[in-house]
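Visitor: can't give you the sequence, but here's the structure:
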């Protein structure tokens, strides 16, 4: 694990164990294999992809800066671990670097750092800490009050491989941790419930013994076949009037509000074909939709309401601006999709701040990679990136939903591994 994680050998003051086999991390001693002075670092440029060691394991990284000062002689290369905050970038030397452009130099052959087990490279770090202040050179980074904030991985395939290598039951088998009894007798409004993930959430809730209120523009045969307590149609999230009418039809005190409605058209959206009209529609549904919904429910007295309703907004990892440097590196594109989700996240943060005074938590959830009609365009990646059936995705969402409280308000969480996604 990377510095700052609770299992980090550096944090415990222990040395990493030497490699015992192909699947284990090796210990790195900065002075044991070669001196940094023997390497010509001038071949490295900012942006060069590499592997950098942390806690005895090599991870995907890129070069940020190369220093030629005496102060940095032993660790002249600043690297950024892909998918992690810049606050945890590190200065490293040759023993902790692997790069094609360095191959062939003294000590960088098959017996040097480049020989570390590749299985160890694939095992992505379970978490990094997000800092407000440093707590010692190798003791990790902590937030306010010493609280640790762990982040998920940007690389979807690597995230899935890590879960398998660690036999992460939370990721691989959500039924091993999900307890549906949390929702017995609870009243839950699901907005965007006629198909896909929203429909499966309604199904899961009704099977759990909850009173599910399903809101959507038009119902479907699948939704009508459920035992949802109440189906509200004409709930168009692009219309304030429609949201107010929806709120007026709700009579029971709400325990949870889950906003699932979204729009992601299958179009080419790049600089050669900017889809401004579609981008505006995505903004209308995905960014302004939750705002209209929450505002209408608040005006009708459902938020906070008698039961202190908790608000869950289903967003997407596409809304992480920091992750664009990893997930969209050198390609950009899908402007409307990414921009609307970033705007959704901003709205969610602001709403969480406004509702703090009345004790209403608001959380943003990335539901994970689900095998829905919306993602069918990416079906070639389903297996490699661990896409799951919507019924499993629904359980993941509800597992996180059941844990929401004021301590989690304003957070952006990946339902696959339960870790946060950087905004």
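Guide: That came through fine. Worth saying up front: this structure is predicted, and the values here are computed from it rather than measured.

Visitor: Residue 197 reaches residue 392, doesn't it?
Guide: No - counting by Cβ atoms under 8 Å, residue 392 is not a contact partner of residue 197; they are 10.4 Å apart. C-beta here means a position set from N, CA and C on the backbone, and glycine is covered the same way.

Visitor: what touches both of the two?
Guide: Counting by Cβ atoms under 8 Å, 6 or more residues apart in numbering, the contacts common to residue 197 and residue 392 are residue 370.

Visitor: Mind telling me what element residue 336 is part of?
Guide: For residue 336, the host element (DSSP states H and E) is helix 335-355.

Visitor: List the buried residues of that helix.
Guide: 335-345, 347-349, 351-352, 355 (16 or more other Cβ atoms under 10 Å).

Visitor: Following the chain onward from that helix, which element is next?
Guide: Next in sequence after helix 335-355, counting helices and strands by DSSP H and E, comes strand 362-366.

Visitor: Tell me where the model's unsure across the protein.
Guide: Residues of the chain meeting the criterion pLDDT under 70: 1-37, 55-56, 83-85, 87, 104, 106-149.

Visitor: those strands in it, which residues are they?
Guide: 49-54, 57-66, 77-81, 90-92, 97-98, 133-134, 141-142, 187-191, 211-215, 230-232, 256-259, 310-314, 362-366, 412-414 (DSSP state E).

Visitor: Residue 197 and residue 392 - which one has more neighbours?
Guide: residue 197 (25 against 19; other Cβ atoms under 10 Å).

Visitor: mind listing what the more buried one touches?
Guide: 260, 314, 367, 370, 372, 390, 393, 394, 397.

Visitor: which other helices and strands contact the helix holding residue 336?
Guide: helix 276-282, helix 288-299, strand 310-314, strand 362-366 (3 or more Cβ pairs under 8 Å, 6 or more residues apart in numbering; DSSP states H and E).

Visitor: CSV for these, including mean neighbour count?
Guide: Compiled in CSV, these are given as follows (neighbours: other Cβ atoms under 10 Å):
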stretch, mean neighbour count
helix 276-282, 16
helix 288-299, 22
strand 310-314, 26
strand 362-366, 26
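
Visitor: now residue 283: how far from residue 155?
Guide: Taking Cβ to Cβ, to the nearest Å as the measure, residue 283 falls 27 Å from residue 155.

Visitor: Next: residue 339.
Guide: From residue 339 over to residue 155 (counting by Cβ to Cβ), the distance is 22 Å.

Visitor: measure residue 409 to residue 400 for me?
Guide: 13 Å.

Visitor: can you check residue 376 too?
Guide: 25 Å.

Visitor: who's more crowded, these two?
Guide: residue 400 (22 against 10).

Visitor: what's near enough to touch that one?
Guide: So residue 400 contacts 312, 363, 365, 413, 415, 418 (Cβ under 8 Å, 6+ apart).

Visitor: now those as a markdown table including distance to residue 277?
Guide: Output for the contacts of residue 400, formatted as a markdown table (distance: Cβ to Cβ, whole Å):
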| residue | distance to residue 277 |
| --- | --- |
| 312 | 30 |
| 363 | 31 |
| 365 | 28 |
| 413 | 32 |
| 415 | 31 |
| 418 | 37 |
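
Visitor: Which member of these is positioned nearest residue 95?
Guide: residue 418 (33.7 Å; Cβ to Cβ).

Visitor: so who does that closest one touch?
Guide: 170, 400.

Visitor: again with residue 82
Guide: 59, 60, 61, 62, 154, 155, 325, 326.

Visitor: Any idea how many residues pack against the third one?
Guide: A total of 28 residues lie near residue 61 under the criterion other Cβ under 10 Å.

Visitor: Also the last one?
Guide: Residues contacting residue 326 under the criterion other Cβ under 10 Å number 20.

Visitor: do the same with the fourth one
Guide: Look at residue 62: counted by other Cβ under 10 Å, it has 19 neighbours.
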